[in-house]
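[1] based on what follows, work out the 3D shape:
(chains A and B)
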Amino acid sequence: MYRYDAIDAAILADRAAEFRDQVSRRLSGELSEDQFKPLRLMNGLYLQLHAYMLRVAIPYGTLSADQLRRLALIARRFDKGFGHFTTRTNIQFNWIKLKDAPDILDSLAEVGLHAIQTSGNCIRNTTADPYAGATAEEIDDPRVWSEAIRQWSTLHPEFTYLPRKFKIAVTAAAKDRTAAKVHDIGLKLRRSRDGELGFEVMVGGGMGRTPYLGQTIREHLPARHLLSYLTAILRTYNRLGRRDNIYKARIKILVASLGAEAFGREVEAEWAELDHARIDLPDLELARIRADFNDLPFEALAPVSPALNAAKAADPSLARFVRNNVAAHKVAGYGIVNISLKTPGDVPGDCNADQMDAIAALADAYGFGEIRVTHAQNLVLPHVKLDDVAAVHAGLKEIGLATANIDLASDIIACPGLDFCALANARAIPIAQAIAARFADPVTAEAVGELKIKISGCINACGHHHVGHIGILGVDKKGEEFYQLTLGGSGAEDASLGDVLGPALSADRVAPSVDQLVDVYLRERSPGERFLDTYRRVGLTPFKAAVYAEAV
Amino acid sequence: MPKLFKVEGDQVVEHDDPFVALADDEAAPSPSDAVILSFARFQTEGELLLSQGVKIGVRLEPDERVEGLAYDLARVALVALAFPKFRDGRAYSAASLLRERYGFAGEVRAVGDVLRDQALLMLRCGFDAFEPADGSTADDWAHALHRFRYVYQAAADRRTPAFVARALASGAGSAA
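    This is a model prediction of the structure:
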């Protein structure tokens, strides 16, 4: 993975020193909370219901074992012993004291981690395919371009006070594991007919209270011009985006009001005027970054592992784990191992310090010391020998993280909800736990197959409910928690926004209703169909009838 | 009268302001040497004042596009870009365009809610004069401007971005 050089390290150290100064000025009263707020937000520090929350960036979801161990140390020393991985592939610590924040940032900087631009109206951490560098599907390694974006966007002088936050995702595979179409900019690597590497540029996607899917403004941008083209998009947005209403300030609103075509013309006109050579990375620099991602000593192995096959035959739980959590690797004899942070009964995305240390040790022993974070709030060991999968599975079992439910009904995305978040209208975590409990039996869960349930505790949609196969949105009705269900959403390559099922349901009816929806699917499905496919074929009516039968 | 800081080389120096900022309904002092006008007032009175030898600065609000001033830039001594709130970042783009697209060599001044925590961003986008709103000193500004030893991006300040520094360090520069 990318190794910070002296320049990268100096920028992090200088940033940490700057924030230490700002915190001391806040603690002394020299800075008002109003003046301090945007400064702390630019460093990932939120004031939540109970304490400060620190969001640490995990650039394009890639961690080294040393970095994960450092996160464990911070969880132990400065928090209550755990962290929460987010849908933006970052990690949040929910119980931070302001006075500790500078020491935490210094500690993070020692291992090349930081909280720069993890909140505030700036360019946030860029996310990428968690299978990058491991999947045979990809056209190019999206991490190379994500790292280029990381550097370009870090402390960008022109784009630090945008109308609103700004999120970019990079994918390079046909199967989109980044939810690129619901990002402010989604970038899809592709090759033109003559083989030139480029990006399809999608702009204006997003969730929140007005969800939109991104629209393509460039079918094929030559890859070397990525940064100048991003500059043109960001400048157009910075100048034209609305600033009078926080709810209409995201780029999706600008793109929708101008129309994607007109917005694209503005961008193209700006791009034509820019001095590309000053902005775009030269080939040598791209090659330097690329080299850091291309140095893994893969062994020449047989594509099939008799040892793993024997172990699977002896242990059905290992066989299930391999079926659901292990994906094909581009190198023969290796696999991509997903670690579910969705153990039924636990908080989705949470990971305690001991688990982090253990995963880091597994990564060191079996996976070139690399860990990825997925937007579905799970972890990945991207390069594990098939011969070692049984050992990894055993190690995960010891720490309670061997749940074989990737993309199944209990692999639920949920925001922190009213349990932690100052914005939430309703709790999300207990709803997730109640649903997961119903699919805790692995045989049931596997029989249902791929089913992506996503839960948000308020209309800001941090739990991505708009793109859930089943989406669940918490709303407040006269002080009581209610939940609005949507069906048929997808954040993947077949992206779509969910349709509202019917009137909102009380909290105790949500999990039983999900059961009813699943029953309809099992009744209606044709061979090979996922829940989403069946819904798209048969439509809302039978699902609605099942859930609202009593009311009819 | 607000303080005025200017960047001079590596230094930040406090200056007396030779310009008088005029509200639209405020008569120009007579005789005037140098005034800052709104864009609307510049369009109606600029010609006359220039012919009288008055130095003109134009103040642009965030929703007034610098393109509208492009034709007159050669005659203008100063462009003041307004920050109604420090969170309003449009003036960063305006300053970048003035310097990089239009080659404006006069003073680009930050006015309004101007805080030292944004000093480096402003300098990098091409501002070279500041009216601080937070009681900060010239030393505070000098400190803020030199906080970062390296930068990642090319910007109007022409600092060497990291990718160029790396190429030079690796010898790619000497081979050229």
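
[2] per-residue confidence for the residue in chain A that chain B sits nearest to?
    In chain A, no residue comes nearer to chain B than A:Y161, which is 2.8 Å away by CB to the nearest CB. Where C-beta positions appear, they are placed from N, C-alpha and C, glycine not excepted. pLDDT, A:Y161: 96.

[3] and if you look at the one 3 residues further on?
    Note on A:R164: pLDDT of 97.

[4] tell me where chain B has helices.
    Under the criterion DSSP state H, chain B carries helices at the ranges B:39-51, B:90-96, B:119-125, B:138-145, B:162-169, B:172-175.

[5] comparing those helices, which gets the lowest mean pLDDT score?
    Among the helices of chain B, helix B:172-175 carries the lowest mean pLDDT (a mean of 49).

[6] so in chain A, which helix runs the longest?
    If each helix of chain A is counted by residues according to DSSP H, the longest one is helix A:6-27.

[7] give the rounded mean pLDDT of it.
    93.

[8] give me the contacts around that helix.
    With contact meaning CB atoms under 8 Å, 6 or more residues apart in numbering or on different chains, helix A:6-27 is reached by A:4, A:31, A:33, A:36, A:39-40, A:43, A:98-99, A:101-102, A:105-106, A:108-109, A:112, A:114, A:116, A:151, A:154-155, B:117, B:147-152, B:162, B:165-166.

[9] now that helix: how far from the chain's centre is it?
    26 Å (CA atoms, centre = their mean, to the nearest Å).

[10] in it, what's buried?
    A:7-8, A:11-19, A:21-23, A:26 (16 or more other CB atoms under 10 Å in any protein chain shown).

[11] hmm, A:Y366 is touching A:A391, no?
    Yes. Counting by CB atoms under 8 Å, A:A391 is a contact partner of A:Y366 at 6.5 Å.

[12] any idea which helix or strand in chain A has the lowest mean pLDDT?
    helix A:33-42 (a mean of 86; mean pLDDT, DSSP states H and E).

[13] could you point out which element follows that one?
    As assigned by DSSP states H and E, the chain's next helix or strand after helix A:33-42 is strand A:45-47.

[14] so which elements touch the helix or strand just after that next one?
    Next along the chain after strand A:45-47, taking DSSP H and E as the criterion, comes strand A:52-56. Counting contacts by 3 or more CB pairs under 8 Å, 6 or more residues apart in numbering or on different chains; DSSP states H and E, strand A:52-56 is packed against strand A:45-47, strand A:91-96, helix A:101-110.

[15] more crowded one of A:Y366 and A:A391?
    A:Y366 (19 against 16; other CB atoms under 10 Å in any protein chain shown).

[16] the residue most central in space within chain B bridge partners, please.
    Geometric centre of chain B, nearest residue: B:V108, 2.2 Å, by CA atoms, centre = their mean. Legend: beta-bridge partners of B:V108 under DSSP bridges are B:V79.

[17] I'd say it and B:R99 touch.
    Yes. If you go by CB under 8 Å, B:V108 and B:R99 touch, sitting 7.0 Å apart.

[18] spit out the residues that contact the two alike.
    Contact criterion CB under 8 Å, 6+ apart; residues shared by B:V108 and B:R99: B:G126.

[19] tell me, how many residues neighbour residue 91?
    I went with chain A, as the question did not name one. There are 27 residues near A:I91, going by other CB under 10 Å.

[20] ah, I was thinking of chain B
    30.

[21] residues in contact with residue 50?
    All of this refers to chain A. By CB under 8 Å, 6+ apart, the residues touching A:H50 are A:N94, A:W95, A:F420.

[22] ah, I was thinking of chain B
    B:I56, B:R75.

[23] please report the distance of it from chain A.
    Per CB to the nearest CB, to the nearest Å, B:L50 is found 28 Å from chain A.

[24] residues touching A:L47, list them.
    A:L47 neighbours (CB under 8 Å, 6+ apart): A:M53, A:A422.

[25] quick check: bridge partners of it?
    With DSSP bridges as the criterion, A:L47 is bridged to A:Y52.
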